[in-house]
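Novice: Whatever this is, show me its structure:
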Amino acid sequence: MKTIDKILYRMKRDGPVTAKILAEDFQLTTMGVRQHLQGLEEEGLVDFEDIKAKVGRPTRHWHLTQKGHRRFADRHSDLIIQMLDSVEELFGQDGLSKVVVRREDQTFEQYQAQLAGVENIAEKLQILTTLREREGYMAELHQDGEDFVLIENHCPICHAAQRCPSLCQSELAVFQRLLGNEYQVNRQEHIIAGERRCAYRIIKS
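Specialist: Numbers count the residues shown, from 1 in each chain. This next block holds a predicted model:
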């Protein structure tokens, strides 16, 4: 992977970052990283914000622009949107809703098969995170006290979900169905709402 791709991937997965941290992570000079960042800025892929520090000069944090986020392509997004439009044109909103429900059921069945026999919530969520990672969601799992937080740094169906928001509602419903009434799943951050990532907090009921 080229250095510029590594930089973009790091920002996509972890959010704003300084040139110094990138240099340390990729074993490069800070000057070299800044040259890469300048090139990416000229392409409109990254931008920066100077954040005031308690002591000394402000620290420059680099982040992806909307164009930079689009660099991480949605899976077959144009084709999916065309298919959604065709379904709605031929069968109406009711037909489109049925397609979304069927996709939800298929996804649930697929995940449930992988989670069969797993009782421990941490193990169950780790398997789910791995499944989502394989599907291109850049997923990671964190524990926050007694809660768990499932983070998805990328949405491979983002454009389709903008066209059909019920796809997002459906994914949230899948998580809730998998965990049952014992846990509550709340979406705290949402890419479609303009945030950097989707984040789901899993709370014991």
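
Novice: Name the helix or strand for residue 141, please.
Specialist: strand 139-144 (DSSP states H and E).

Novice: what's the answer for residue 13, then?
Specialist: helix 3-14.

Novice: residues of that helix that come out buried?
Specialist: For helix 3-14, a neighbour-count test (16 or more other CB atoms under 10 Å) marks 7, 8, 9, 10, 11, 12 as buried. Yep, even glycine has a C-beta here, placed from its N, CA and C like the rest.

Novice: Let me see the contact set for the last one.
Specialist: It stands for residue 12. Contacts of residue 12 were listed using CB atoms under 8 Å, 6 or more residues apart in numbering, and they are 64, 68, 69, 72, 138, 153, 154.

Novice: Report the separation between the spatially closest residue to the second one that is not a sequence neighbour and residue 155.
Specialist: Spatial nearest neighbour of residue 68, excluding adjacent residues (CB to CB, 6 or more residues apart in numbering): residue 45 at 4.0 Å. Relative to residue 155, residue 45 is positioned 18 Å away (criterion: CB to CB, to the nearest Å).

Novice: Of these two, which one has the most company?
Specialist: Taking neighbours as other CB atoms under 10 Å, residue 45 and residue 155 compare with residue 155 leading, 25 against 21.

Novice: wait, is the more buried one part of a strand?
Specialist: No - secondary structure of residue 155 (DSSP: H, G, I helix; E, B strand; the rest coil): coil, not part of a strand.

Novice: pLDDT value on residue 75, please?
Specialist: With respect to pLDDT, residue 75 scores 54.

Novice: now residue 199
Specialist: 98.

Novice: In the helix or strand where it lies, which residues are buried?
Specialist: Using DSSP H and E, the element containing residue 199 is strand 198-204. Neighbour counts using 16+ other CB under 10 Å place 198, 199, 200, 201, 202 of strand 198-204 among the buried residues.

Novice: how big is the angle separating it from strand 139-144?
Specialist: If you take axes from the mean of the first three to the mean of the last three CA atoms, to 10 degrees, strand 198-204 sits at 40 degrees to strand 139-144.

Novice: Just name the shakiest helix or strand of the protein by mean pLDDT.
Specialist: One helix or strand of the chain scores below all others by mean pLDDT, DSSP states H and E: helix 66-70, with a mean of 82.

Novice: got the CA coordinates for that helix in CSV?
Specialist: Only the C-alpha atoms of helix 66-70 are listed here, as CSV (Å, rounded to 0.1, in the frame of the first residue of the first chain):
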residue,chain,number,x,y,z
GLN,A,66,-16.0,14.6,1.9
LYS,A,67,-14.0,14.0,-1.3
GLY,A,68,-11.5,12.0,0.8
HIS,A,69,-14.3,9.9,2.3
ARG,A,70,-15.6,9.2,-1.2
